[in-house]
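Peer 1: Build me a model from this:
(one chain, ligands or ions: 2)
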Amino acid sequence: MVILDVKQITEQNNSVLLPPTDITAYNFPFQPYNIQVEFMKSLYQVIEEGKVGIFESPTGTGKSLSIICGALKWLKDNEERYSSSNHVNTTWTGNPNEPSWVLEYSKNKKRQEDLVRKQELNKRIQMIRKKEKLERQKATYRTVGGNKKDHSNGLGLKIDKRDYDMEEYLVEEYQSDDDSENHEENDNMSAQVRELLKRFFEIIFHVSELLILLSTKFLCTQIYYCSRTHSQLTQFVNELRKTVYAEDVKCVSLGSRKNLCINEEVRKLKNINRINERCLDMQKAGKKPEKRCPYIPIRDKSRMLDYRDHVLASVRDIEELVDIGRKLNACSYYGTRKSIRQCQIVILPYNLLLQKSSRESMGISLKNNIVIIDEAHNLVDTVTSVHTVQIDLPQIVKVHSQLNAYLDRYKKRLLGKNIMYIQQILSLLDALIKCLTSFEKKCEEKGKDKEEIYYIKSVNDFLHLLKIGDLNLFKIENYLKKSQIARKLNGFIDKIESRTGVEIHQAQQTSYEKNSSTLPSLSQIEAFFMSLTNGNQDGRVILGFQQISVSVEGKRGGTTTKYVPIIKYLLLNPSNQFKDIVEDARSVILAGGTMEPTDDLIGQLIPYLPPQRLSKFSCGHIIPPENLLTLTLSEGPMGGTLEFTFERRGDIKLIDELGQTIVNLCNIIPDGVVCFFTSYAYLEQVYKRWEQNGILERIRKYKMIFREPRETRLVDKVLNEYDLHIHSSNNKDGAILLCVVGGKVSEGINFSDRLGRGVIMIGLPFANLTSVGLSEKMKFMNQIGESSAGEKSSNPSQHGKEYYQNLCMKAVNQSIGRAIRHQKDYATIILIDKRFNTNNQIRQKLPKWIKQNVTECRKFGQIVGKVAGFFKNKKDILT
Ligand SMILES: Nc1ncnc2c1ncn2[C@@H]1O[C@H](COP(=O)(O)OP(=O)(O)OP(=O)(O)O)[C@@H](O)[C@H]1O
Ligand code: SF4
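Peer 2: Ligands and ions are numbered 1, 2, ... in the order given. Purely as a prediction, here's the structure:
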């Protein structure tokens, strides 16, 4: 059996798709800007050629629509290629060495089968579309899911509240394939052996994945579109709806159970892990019907199919998918998963795509499909943080007690190797507890400041420190996965605690254990164990302390803070975690507003990729050059140097000089001014000082002052008030919003037109160099530099520094790029810090569309004329 991939088929049939030159072919809903046309063409070609494409298009240039129209046009053309010619689907299996008439026959047969299946599905979907259209016309007031009465009296709301049978938490007999004694020599594995074993397991996994793939009937090539936040995904859905593709494209948005679950009993658990575990428990084979979740009926499969057909009938966002679930009494979480295979576009958040385990559990196969990652400027950091795991001592102690209680309860009934493995996990937990307690003791003896203490170990050294030489981590990992002991343990603990009202580990608790804010779950510890099976060079283990808040016992109550020892696995090399995606997918698109420096992205994420498989696209902004005025400033109006280095943080003179600068700028910039500080702490310090020295009062003469709140829940309120004030006809002066780089308004919020006529950046937001994670990463980058220095004559020790500067400038670029949102928008960007003038490396890291026209101003006086002139001209244009 041979699987032909798309490229092979294309080559065999000599039928290459070329990007249409006729713009109307893309079905763009507006008159596209030139850069959008170029974007779509380039995207089309990259997908056709099966490459990895890095696409940079400044924020506000309509990137989402370019992605949608470029990719969907290709998808349609590809389907056409498949259905109207001799092509077979990408997963067609057959022996190309068969006689040609046999080959032709089997291809035709496969094509006919696919067509019939497609037609049947389309018929059902058409009926739903018609029905929905009629419903909308008939009763505009009746929204999908509004039928609350139906829902509450529906099939399954009678959740069985009787006691759970404790039997269900017993792990089944466990016999692993690799438990035979002759494998025991692997227990004392070297790093190399461990890595080899890992590879071996990976191959096994791939083979099984392939078998699943062959047994599944895929109906089309799919696009997996992923972005960072829920609201960005909803925004994408809204953009898709603006196009004609929305009329018949099959699309689903995926989310977590927390987003999609419709069982109120489960939803109210709030914590995502608890929700997952409770739901999975209810799906267990052999579960009594009254204990199963009523929204995923086993006898009435048609309900889930009906849900799937409703999903496929229209483009919907997560909220609407939940509403349909409620209307049909069918689980939206499993319903959306069931729809994946039939969809042309699957919209999903980063974490579901980037983690292999999530992809597996969702049944997502990227094989030969298209992966589009939007807002990819932070992809390296996201892959890193998704695979970085931290656990603390109280958490480990808690799980240890719980597992002990579990073993006590079921000891006599546990079969197979269960007892042995549970004891091994207990030994591992014991080793972790010993390691952290002795670390804590030593630090206390030495009287060190806990905030500043940390030990960094390589994975191999850490395992050596634990003295667990006779334990095989791979076997334990396998057991944890197969036995699902973490889930069973949680169910068991919930039940015991709800019966007795007493926490199971109370007897052994110390004061802070009781107050551990972290999740008491074996799952997280399991994730930590798994990370220890990564390559030795790919990450580090860090021992340190973290402050948690604890409640005070006794009459007075309240809370206080305490340091607890923690262990963290820090991923340093994200490329291995991303490799599966690149290897599986037909094409991977990394898109963002500011993707520069792309070398950094390539070096960290896809260093192994041959240049011919890589394509880069970058375009300018849609505004004419005269709509943007970018200035750098070194001195304030009183002549003081404006340089916001770490050493000058407490410099009152500097804060006063800045105050004077801002007052004067507020006088000459109309409407809204967004002013970015490097941290909340610095913003607070400056604000206090300006309150004392009357600067705030003086700013208020020109602008109403708003400040970014630290609490996420208050952000919308502040932004609404800011917007209202600027757009209120009584307020001609406008407002200033003081906010923080990398804070809550620096990404995803746009300051179009009057909301952001001026964007001011104060200082350079360099990360704290004393951060352990950062310094380890910089060392790692230097090592990469050393290993590649043989080929290139670059200075390897500069790689870490470069990485550090890139981090800073990526944050600056994200913040300052939010003011221009359409072709007629205009704004001034003022970069206040001497280093913007003197450090060319920093200036070079600004986005292309900004850096091509920067005016250096040393003295404040130079700025005044330029800014005033800029807005005077704009007024002339408008009137
Ligand atoms: N050619 C066009 N003419 C008019 N409006 C357009 C055009 N292209 C896109 N738009 C609209 O402009 C708005 C901004 O587009 P969009 O949010 O996709 O920008 P973006 O580049 O993706 O920005 P961000 O980086 O913030 O996501 C959207 O409402 C979109 O529908
Ligand atoms: S099956 Fe669906 S509705 Fe039921 S608990 Fe799980 S996620 Fe919730």
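
Peer 1: For the stretch 501-650 of the chain, give the residue positioned nearest to ligand 2.
Peer 2: In the stretch 501-650 of the chain, the residue found nearest to ligand 2 is S523; the distance is 16.8 Å by C-beta to the nearest ligand atom. No exception for glycine: its C-beta is placed from N, CA and C like everyone else's.

Peer 1: so, in contact with ligand 1 or not, stretch 806-815?
Peer 2: No: Stretch 806-815 stays clear of ligand 1 (C-beta under 6 Å from any ligand atom), getting no nearer than 9.7 Å.

Peer 1: would you put the C-alpha positions of that stretch in PDB?
Peer 2: Extracted as PDB, the C-alpha positions of stretch 806-815 are listed here (Å, rounded to 0.1, in the frame of the first residue of the first chain):
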ATOM      1  CA  ASN A 806      14.300  41.000  20.100                       C
ATOM      2  CA  LEU A 807      12.100  40.200  23.100                       C
ATOM      3  CA  CYS A 808      12.000  43.900  24.000                       C
ATOM      4  CA  MET A 809      11.400  45.200  20.500                       C
ATOM      5  CA  LYS A 810       8.700  42.600  19.700                       C
ATOM      6  CA  ALA A 811       6.800  44.100  22.700                       C
ATOM      7  CA  VAL A 812       7.400  47.700  21.500                       C
ATOM      8  CA  ASN A 813       6.200  46.800  18.000                       C
ATOM      9  CA  GLN A 814       3.000  45.100  19.300                       C
ATOM     10  CA  SER A 815       2.100  48.200  21.300                       C
END
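
Peer 1: just how off-centre is it within its chain?
Peer 2: Remark: stretch 806-815 is offset 18 Å from the chain centroid, using C-alpha atoms, centre = their mean, to the nearest Å.

Peer 1: Write out the residues of this structure neighbouring ligand 2.
Peer 2: Close to ligand 2, as judged by C-beta under 6 Å from any ligand atom, the chain has residues 257, 261-263, 266, 279, 282, 293, 295-296, 331, 333-334.

Peer 1: Tell me how this structure divides into domains.
Peer 2: Domain assignment for the chain, taken from the TED database, gives 254-342, 388-501+521-575, 625-878.

Peer 1: related to what we said a few turns ago, which strand or helix spans the residue of the stretch 501-650 of the chain closest to ligand 2?
Peer 2: Taking DSSP states H and E as the definition, S523 sits inside helix 522-531.

Peer 1: Show me what that helix packs onto, helices and strands only.
Peer 2: With contacts taken as 3 or more C-beta pairs under 8 Å, 6 or more residues apart in numbering; DSSP states H and E, helix 522-531 sits against helix 272-282, strand 389-392, helix 393-410, helix 418-445, helix 473-483, helix 485-500, strand 559-571.

Peer 1: Quick one: closest of the ones you listed to S66.
Peer 2: The closest of those to S66 is strand 559-571. By C-beta to C-beta, the value is 32.2 Å.

Peer 1: the inter-axis angle of the closest one versus helix 393-410?
Peer 2: Between strand 559-571 and helix 393-410, the angle comes out at 80 degrees (axes from the mean of the first three to the mean of the last three C-alpha atoms, to 10 degrees).

Peer 1: Between helix 418-445 and strand 559-571, find me the angle.
Peer 2: Using the same axes, to 10 degrees: strand 559-571 against helix 418-445 is 110 degrees.
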